[in-house]
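[1] With the sequence up front, the predicted model follows.
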Amino acid sequence: MPEILDRLFGKDQRTRGYATAIIAIAEAEGVLDTVGDEVFAFAKAVEQNAKLREALTDRALPVENRRSLVHDILGDRANPVTLTAISLLIDAGRARDLGKIADGVVALSAERHQHAVAEVRSAVPLNDRQRKRLEEALSRATGRTIEAKVVVDPTLVGGVVARVGDLVFDGSIASRLEDAKHALGS
């Protein structure tokens with residue numbers, strides 16, 4: 001586990017501490033999978049929404065307003081542990097680190113379950129059957145049990161791009177068109 005944390009956080013002990021604390025609390029409450037999924041989804045939503053990211057990281061905006069924004073977005077839909085964890089990150093002024101902390105939470109959760117996580121960008125949402133087939137294909141390719149975390153990325157024309165650690169599997173339409181262009185010598 002330390003090598004995963006070292007790779008994700010380097011010398012940033014504070015960010016590392018937040019991720020491990022979230023994991024410890026979620027595990028103690030028996031909601032590790034739920035909290036991992038919710039923190040990941042919220043971090044990706046913040047990453048993809050510039051206005052939300054600006055609001056949550058704007059130190060000129062009172063922390064109560066930023067916390068209220070999180071509560072308005074997550075409300076009763078999120079587990080209380082998730083809501084508390086994200087609120088504490090906002091209170092501590094660590095919203096800018098939310099993506100890195102979420103990556104740590106997901107990686108540590110996967111490590112606890114003895115599997116790897118694939119961050120998958122897809123042009124459209126994947127149904128359960130498609131996600132399972134993708135996880136099986138990635139498992140065969142990597143030799144590890146894979147859990148896919150899917151993010152819809154409308155900038156992809158079609159296909160998927162999956163990242164498992166340092167490995168990238170690019171099955172996007174743009175990549176295939178580029179490959180065809182090179183094959184034709186253009």
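    Right, received. Where do you want to start? Being a predicted model, the structure only gives us computed values, none of them experimental. Residues are numbered from 1 along each chain as shown.

[2] Helix, strand, or coil at the residue sitting nearest the centre point of the chain?
    Nearest to the geometric centre of the chain sits F40, at 3.8 Å (CA atoms, centre = their mean). Under DSSP: H, G, I helix; E, B strand; the rest coil, the three-state class of F40 is helix.

[3] And it, how far from L56?
    Distance check for F40 against L56: by CB to CB, to the nearest Å, it reads 16 Å. Every residue, glycine included, has its C-beta placed from N, CA and C.

[4] can you check V39 too?
    Taking CB to CB, one finds V39 at 14 Å from L56.

[5] Same drill for the two, tell me which one is more crowded.
    V39 (29 against 23; other CB atoms under 10 Å).

[6] Now tell me what touches the one helix or strand R133 maps to from outside.
    Element membership for R133 (DSSP states H and E) is helix 128-142. Applying CB atoms under 8 Å, 6 or more residues apart in numbering, the external contacts of helix 128-142 come out as 116, 118, 120, 126, 145-148, 150, 160, 162, 164, 167, 169.

[7] Helices of the chain, residue ranges please.
    2-9, 13-29, 32-48, 50-57, 63-74, 80-91, 98-112, 128-142, 173-183 (DSSP state H).

[8] Could you list the buried residues of the fourth one?
    By neighbour count, and taking 16 or more other CB atoms under 10 Å as the criterion, the buried residues in helix 50-57 are 52-53, 55-57.

[9] How about the third one?
    Using 16+ other CB under 10 Å as the test for burial, helix 32-48 gives 32, 35-44, 46.

[10] quick one: low-confidence ranges for the protein?
    Confidence mapping of the chain against pLDDT under 70 gives the ranges 1-9, 186.

[11] Mind doing that once more with 80?
    Along the chain, the model assigns pLDDT under 80 to residues 1-12, 110-114, 165-166, 174-177, 179-182, 185-186.

[12] domains of the chain?
    2-110, 115-183 (automatic domain parsing).

[13] Could you identify which of those domains is most buried?
    When you average the neighbours per residue for each of these (mean count of other CB atoms under 10 Å), domain 2-110 leads with a mean of 17.
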